[in-house]
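Participant: I'd like to go over a predicted model; first the sequence, then the structure.
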Amino acid sequence: MTVIYCGPIPIHWLAPTVNVTEPVLRYILSEDEWTKGSSFKAQRRRDEFLRSRYLIRRLTGTTESLRQDDHGAPTWPDQWTGSITHKDGFVGVTLLPSEQWLSVGIDAEDPTRMRPEFASRLTNAAEVALLQMFAVTHGWTFNAALTVLFGFKEALFKAHFPLGKRHFYFLDAAVESLTVTHIDNMTTRGQITARLLIDSTPTTPSGTIVSGHFTSVTDTGRSFILTALALPR
Ligand SMILES: CC(C)(COP(=O)(O)OP(=O)(O)OC[C@H]1O[C@@H](n2cnc3c(N)ncnc32)[C@H](O)[C@@H]1OP(=O)(O)O)[C@@H](O)C(=O)NCCC(=O)NCCS
């Protein structure tokens, strides 16, 4: 397991090449989690589910199963709030103390999977212009910039849904700024803000600006863009 910081938010990251044996998983997971994870037909989903719960168990030290509501949102143990992401067997988990944080959302996306034709479902005209400008300024492809926006909006949803239980979609938030804060030959890190265009939770009415972070990551020959945001108490 490695820790990747996305701004100040630590993402505990497990690559599929890290071997966690079945006896270890069986020992560390609750019976419920083992049974649920084992029931997935697709091997990748099974591994992602079991290995994300393995990370959570190691990080929290609790023996409780991580419950999920009818929409798939996790219900975190009392002292924690958290978020899970997986992509092609890679697993990321963030846990923050609930004393200080209401909620957190993280997401991992592979920029090589992004297609320009997705833009119309994800962005308005002003966002397209912002992404084009960002791409030209920093020598990124438009698709890579679009991946940051996509991942951030997924993370936004993961952070807000558990608080408001309200479904909302990509055009219900608009990215207003995208800036690079660090660049070297391995990684680009930056900040992103979006305006919510709906009342997503009782305390985040339409018009609320939410800020988060992104970082590029290369691991075992794969590239990802991680995004994260946390909502303070
Ligand atoms: C739920 C959703 C955000 C998951 O994202 P994804 O990129 O497909 O998948 P990821 O691997 O990154 O995340 C999966 C994890 O998200 C979490 N999750 C699922 N539903 C969730 C919800 N309603 N609220 C919060 N977290 C949720 C779960 O922990 C899940 O992992 P698990 O099943 O192992 O517990 C996505 O499928 C979705 O429905 N998006 C549409 C809504 C949206 O993004 N709107 C944009 C608003 S601007």
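Facilitator: Right, received. Where do you want to start?

Participant: Name the residues of the top helix by length along the chain that come out as buried.
Facilitator: The single longest helix within the chain, with elements called by DSSP state H, is helix 142-164. By neighbour count, and taking 16 or more other CB atoms under 10 Å as the criterion, the buried residues in helix 142-164 are 142-164. C-beta here means a position set from N, CA and C on the backbone, and glycine is covered the same way.

Participant: Ok, stretch 46-54 next?
Facilitator: By neighbour count on 16+ other CB under 10 Å, the buried set for stretch 46-54 is 47-54.

Participant: Asp88 and Asp110 touch, don't they?
Facilitator: Yes. Checked against CB atoms under 8 Å, the pair Asp88 and Asp110 is within contact range at 7.1 Å.

Participant: circling back: also near the ligand: which of the buried residues of helix 142-164, exactly?
Facilitator: Counting by CB under 6 Å from any ligand atom, 153-154, 156-158, 161-162 from the buried residues of helix 142-164 sit close to the ligand.

Participant: re the thing from before, any shared contact partners between Asp88 and Asp110?
Facilitator: Each of Arg222 lies in contact with both Asp88 and Asp110 under the rule CB atoms under 8 Å, 6 or more residues apart in numbering.

Participant: Between the two, which is the more surrounded one?
Facilitator: Asp110 (15 against 12; other CB atoms under 10 Å).

Participant: just checking, that one touches Arg222?
Facilitator: Yes. Counting by CB under 8 Å, Arg222 is a contact partner of Asp110 at 6.9 Å.

Participant: hey, what's in contact with both of those two?
Facilitator: Contact with both Asp110 and Arg222 is made by residues Asp88, according to CB under 8 Å, 6+ apart.

Participant: Just after the helix-or-strand element of the chain with minimal mean pLDDT, pick out the following helix or strand.
Facilitator: Among the helices and strands of the chain, strand 67-68 carries the lowest confidence by mean pLDDT, DSSP states H and E, at a mean of 91. Using DSSP states H and E, the next helix or strand after strand 67-68 towards the C-terminus is strand 74-75.

Participant: domains of the protein?
Facilitator: For the chain, automatic domain parsing gives the domain ranges 2-96, 107-232.

Participant: Over the longest one, what's the mean pLDDT, rounded is fine.
Facilitator: Spelled out, that is domain 107-232. Over the span of domain 107-232, the pLDDT mean works out to 96.

Participant: what's the first-to-last distance across that domain?
Facilitator: Across domain 107-232, the terminal residues are separated by 18 Å (CA to CA, to the nearest Å).

Participant: swap in the shortest one?
Facilitator: Here the two ends of domain 2-96 are set 16 Å apart, with distance taken as CA to CA.

Participant: How far off centre is that domain?
Facilitator: Domain 2-96 has its average C-alpha position 13 Å from the chain's average C-alpha position, going by CA atoms, centre = their mean, to the nearest Å.

Participant: ditto for stretch 140-158
Facilitator: In terms of CA atoms, centre = their mean, the gap separating the centre of stretch 140-158 from the centre of its chain is 10 Å.

Participant: Pull the residues that contact it.
Facilitator: Stretch 140-158 is touched from outside by 73, 83, 105-111, 114-116, 118-119, 122-123, 127, 131-132, 134-135, 168, 170, 173, 175, 178, 188, 190, 192, 194, 196, 210, 212, 214, 225-229, with contacts defined as CB under 8 Å, 6+ apart.

Participant: neighbours around the residue nearest to Ala155 when sequence neighbours are not counted, how many?
Facilitator: In space, and not counting its chain neighbours, Ala155 is closest to Gly105: 3.7 Å by CB to CB, 6 or more residues apart in numbering. The local packing of Gly105 (other CB under 10 Å) involves 30 other residues.
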